[in-house]
Structures are given as C-alpha cells and as structure tokens.
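Trainee: only geometry, no sequence info:
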Ligand SMILES: [Zn+2]
C-alpha cells in the first residue's frame with residue numbers, strides 16, 4: 001500500500017511525505033497512537049517509499065544502487081525493491097516484534113536485549129540492495145530489561161544509512177531519553193464512524209456464517225482487502241473483550257457496544273472465560289499476521305472458524 005492510500009491519518013502522512021519530498025528523513029521515528037490506527041501499515045508504506053529504487057537496477061553495475069529517482073517521488077510499485085518491500089521480504093527491511101521467552105512459548109512477550117543486539121549488528125552492515133536499511137519495531141513499548149538502554153546507544157550514534165521506526169501506543173511508554181531522539185509522528189484513533197461500520201459488518205458476517213456454515217464463510221472472505229480485514233479483526237477483538245466484560249457482570253457503560261449489553265450478556269453465557277481469552281489472543285495474532293502480510297482471507301477464516309463455527 002502506498003502512503004497516498006492511507007486516508008484517515010492526513011497529518012502523519014503529510015509529515016512523512018514532506019520528509020521524503022525534501023529528502024530530510026530522520027534517523028529515527030516514533031509512530032505513536034492506538035492499536036488499529038494504521039501505524040504499521042503506514043510504517044510499511046513509508047519503508048517502501050524509502051526502499052524503492054525506481055527502475056535503477058538496470059543501470060547498477062558493481063556497487064549498490066544509488067537512488068536516482070527524484071526525492072519524494074512516490075514508490076514506483078514495480079521495481080524489485082518495491083515488490084520485495086510489499087511482500088515484507090526485502091533484505092533491507094527488518095521487522096522486530098515482541099516474542100515469548102525461548103524456554104516458555106506461553107510466557108510474556110517482550111523485545112529483549114538479544115533482539116536489540118541483533119539490530120545493532122545488522123545496522124552496522126551496509127544495505128544489501130537499497131540505499132538504506134529500515135528497522136521497524138512493533139510494540140516497541142515491550143522493550144524490557146536492558147533493551148531500552150541498549151537501543152538508546154544505537155540512537156545516540158545512529159548507524160549510517162539506517163532508519164529506525166518505533167511503533168507504540170503512548171510516547172510515555174518508553175523512557176523520555178529514547179523518545180526525545182525520535183521524530184514523533186502522531187496517529188489519531190480511527191474515526192468512531194468507521195469503527196461503528198466495521199462492528200456492524202463484523203456482526204452481520206458472524207451471524208451469516210453461524211447460520212449457513214463454512215461454505216458461506218469461504219465465499220464471504222474471498223475478496224477481502226487488507227484494510228477491511230483489519231477493521232473486522234479489530235471489531236471481533238472488541239466483541240470478545242465486551243463478552244469478557246459482560247461475563248464478569250461489568251456495567252454496560254464499560255462495553256464498547258453498550259447498546260447491545262443485554263444481547264452480549266446472553267451470548268457470554270455460551271462461552272467460558274478461557275475460550276474468550278483464547279479468542280482475544282487469536283485476534284491479536286491475526287492482527288500481527290496481517291502486518292506480516294498473511295492473506296486477509298486466511299486471517300479472517302481462522303477467527304470466524306473460532307467465533308462462528310467454534311472450530312479453531
Ligand atoms: Zn519501486
């Protein structure tokens with residue numbers, strides 16, 4: 001997806017476009033805003049713009065390609081750099097996300113010191129094929145232990161031809177010393193209206209699949225685009241959260257969908273707390289899968305199988 005296609009974050013997109021147009025790209029950015037605001041999508045679109053070599057490969061003999069295309073030109077979408085970046089497999093695009101401890105796959109997910117040391121090592125190398133290397137740290141607030149301090153060292157002596165992007169919910173989620181060395185790009189929560197539309201659509205889809213089964217699910221998910229899929233996953237995530245709250249007897253005011261409190265309480269009875277928590281975890285994994293370019297169709301099918309068919 002190109003930066004231009006990101007519709008609901010005009011301020012963030014304008015800031016990044018300006019950086020590209022003036023060729024004044026910062027060493028480090030902090031993309032700050034709530035989950036579902038499009039921070040990762042924007043980070044990946046920005047990465048593609050930085051990794052595009054715009055038809056330059058043909059002339060590149062010997063050394064690595066220099067950016068010949070005009071600064072600020074949108075990514076061409078055709079060159080090898082663009083294609084590899086869009087598929088998240090560009091050798092100069094590094095995605096770092098929290099992982100559970102090696103010894104305990106169910107333990108708390110974190111970005112640990114080893115991941116930051118790995119980043120440091122890779123950042124010290126020359127780019128493989130683009131003019132720069134990019135590191136995107138998803139859920140950067142989950143840096144634990146010595147990781148923020150080690151990361152600070154990288155920020156203080158920024159490696160050449162490297163752009164770091166931290167994705168996090170609040171600027172205060174990391175030490176001020178780290179954030180103050182990043183250019184902060186703020187993301188607004190996705191408009192309430194869009195969320196209401198996605199919730200209604202998610203509810204209809206769930207009811208249809210419950211009524212008609214897997215065949216209908218496969219036909220409904222066939223042509224889902226990524227943005228719609230993200231909206232649906234977020235809606236199911238919120239639904240499961242509401243069901244947990246309803247099950248615990250929380251007041252309607254706390255529900256995202258307060259108008260349906262009675263219905264939610266009735267539906268919550270059909271689930272155990274454990275099942276609901278597992279479903280929330282499934283939604284979280286689906287969100288990450290979408291960021292890693294897993295097909296939107298597959299992602300939604302896993303969630304619907306669980307919520308509608310109780311099969312996953
Ligand atoms: Zn390109």
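Mentor: Looks like it came in fine. Bear in mind that the values here come from a model prediction, so they are computed numbers and not experimental data.
Trainee: element containing the residue in the stretch 101-250 of the chain that the ion sits nearest to?
Mentor: Residue of the stretch 101-250 of the chain nearest the ion, by Cβ to the ion: residue 130 (9.9 Å). C-betas here are computed from N, CA, C, even on glycine. In the assignment (DSSP states H and E), residue 130 maps to no helix and no strand.
Trainee: how many neighbours does it have?
Mentor: 24 (other Cβ atoms under 10 Å).
Trainee: Tell me where the stretch 51-200 of the chain has strands.
Mentor: Assigned by DSSP state E, counting those that start in this stretch, the stretch 51-200 of the chain shows strands spanning 93-96, 133-137, 162-168, 183-186.
Trainee: For residue 36, find the nearest of those.
Mentor: The stretch from these with the least distance to residue 36 (Cβ to Cβ) is strand 162-168; that distance is 12.1 Å.
Trainee: Does anything pack onto that closest one? Which helices or strands?
Mentor: strand 28-32, helix 39-51, strand 133-137 (3 or more Cβ pairs under 8 Å, 6 or more residues apart in numbering; DSSP states H and E).
Trainee: From the rest of the structure, what touches that strand?
Mentor: 25-32, 39-40, 43, 46-47, 50, 123, 132-141, 154-155, 158, 174, 178, 182 (Cβ atoms under 8 Å, 6 or more residues apart in numbering).
Trainee: domain parsing for this protein?
Mentor: 3-186, 192-307 (automatic domain parsing).
Trainee: want to try TSV for these, with mean pLDDT as columns?
Mentor: Shown next, in TSV, are these (pLDDT from 0 to 100):
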stretch	mean pLDDT
domain 3-186	88
domain 192-307	91
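Trainee: Could you pick out the residues of the stretch 51-200 of the chain near the ion for me?
Mentor: Within the stretch 51-200 of the chain, the positions adjacent to the ion are 52, 54, 75-76, 79, 82 by Cβ under 5 Å from the ion.
Trainee: which residues touch the residue positioned nearest the centre of the chain?
Mentor: Nearest to the mean C-alpha position of the chain, counting by Cα atoms, centre = their mean, stands residue 40 at 3.5 Å. Residues near residue 40 by Cβ under 8 Å, 6+ apart: 136, 138, 167, 291.
Trainee: List the contacts of the last one.
Mentor: Translated: residue 291. Here residue 291 is in contact with 40-41, 44, 95, 138 (criterion: Cβ under 8 Å, 6+ apart).
Trainee: Selecting buried members of the contacts of residue 40 in ChimeraX, what would you type?
Mentor: This is the ChimeraX syntax for the buried subset of the contacts of residue 40, where burial follows 16 or more other Cβ atoms under 10 Å:
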select :136,138,167,291
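Trainee: Ignoring the adjacent residues along the chain, who's closest to residue 35?
Mentor: Nearest non-adjacent residue to residue 35, counting by Cβ to Cβ, 6 or more residues apart in numbering: residue 169, 6.8 Å away.
Trainee: Which phi and psi values does residue 268 adopt?
Mentor: Torsion angles at residue 268 (phi, psi; degrees, to the nearest 10) stand at phi -60, psi -30.
Trainee: ugh, wrong one, I meant residue 131
Mentor: phi -70, psi -20.
Trainee: my read: it touches residue 160, true?
Mentor: No. Using Cβ atoms under 8 Å, residue 131 makes no contact with residue 160, being 10.8 Å away.
Trainee: of those two, who's got more company?
Mentor: Neighbour count, other Cβ under 10 Å: between residue 131 and residue 160, residue 131 has more, with 18 against 11.
Trainee: nearest to residue 199, of the helices and strands packed on strand 162-168?
Mentor: Per Cβ to Cβ, nearest to residue 199 of the helices and strands packed on strand 162-168: helix 39-51, 19.8 Å.
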